[in-house]
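>>> requesting a structural model of the entry that follows:
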Amino acid sequence: MTFNTELGIHIDLCQYVNMNEIPVCCIPGSTPTLSTDDATELAGVMKALADPARLRILNLMTAAGEVCACDLEAPLGLSQPTVSHHLKVLREAGIIEREQRGRWAYFSARAETMASISAALSPVS
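Predicted coordinates:
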């Protein structure tokens with residue numbers, strides 16, 4: 001600490017740090033674990049999940065393992081075309097997969113996509 005007797009000012013020099021000299025240990029996550037390409041892909045997945053109805057659909061799927069499209073209308077309170085639209089968005093983002101069984105379509109969460117989301121958002125140990 002310095003004291004300027006002429007002006008009566010106390011200056012704590014420890015408060016002033018050259019921002020270019022911050023030690024690496026002080027910057028959280030100083031080494032990115034997510035590549036630019038992986039981050040771009042994950043952003044597309046997150047964009048598809050950024051809808052309450054789609055999150056609820058995924059929640060129902062992960063709880064049940066798989067869900068027939070016809071069984072989603074009532075619990076979600078949505079019409080069949082709206083459910084179909086949300087399922088299409090989730091499928092195109094690679095979050096869910098579709099299996100046709102006769103006239104019914106069954107959907108399930110893709111385990112590898114769920115693992116990728118979890119790994120990207122988990123703290124590095």
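>>> all helices of this structure, in order?
36-49, 52-64, 73-76, 80-92, 111-121 (DSSP state H).
>>> can you lay out those as JSON lines showing distance to Arg101 and mean neighbour count?
Where C-beta positions appear, they are placed from N, C-alpha and C, glycine not excepted. Below are the helices of the chain laid out as JSON lines (distance: least, C-beta to C-beta, whole Å; neighbours: other C-beta atoms under 10 Å):
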{"stretch": "helix 36-49", "distance to Arg101": "24", "mean neighbour count": "13"}
{"stretch": "helix 52-64", "distance to Arg101": "15", "mean neighbour count": "16"}
{"stretch": "helix 73-76", "distance to Arg101": "18", "mean neighbour count": "12"}
{"stretch": "helix 80-92", "distance to Arg101": "15", "mean neighbour count": "16"}
{"stretch": "helix 111-121", "distance to Arg101": "20", "mean neighbour count": "13"}
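>>> report the central residue of this protein.
The structure's the chain has its C-alpha centroid closest to Met46; by C-alpha atoms, centre = their mean the separation is 4.8 Å.
>>> and the gap between that residue and Leu55?
For Met46, the distance to Leu55 (C-beta to C-beta, to the nearest Å) stands at 11 Å.
>>> for Arg103, which of the helices of the chain is the nearest?
helix 80-92 (13.5 Å; C-beta to C-beta).
>>> measure stretch 64-76 end to end?
15 Å (C-alpha to C-alpha, to the nearest Å).
>>> from the chain's centroid, how far away is that stretch?
Offset of stretch 64-76 from its chain centre (C-alpha atoms, centre = their mean, to the nearest Å): 23 Å.
>>> contacts for that stretch next, please.
Outside stretch 64-76, the residues within contact range by C-beta atoms under 8 Å, 6 or more residues apart in numbering are 53, 56-57, 60-61, 78-80, 83-84, 87, 99, 104-108.
>>> and Ala119, what does it touch?
Ala119 neighbours (C-beta under 8 Å, 6+ apart): none.
>>> pLDDT wise, what is it at?
Ala119 carries a pLDDT value of 85.
>>> not counting sequence-adjacent ones, nearest residue to Ile117?
Val45 (6.5 Å; C-beta to C-beta, 6 or more residues apart in numbering).
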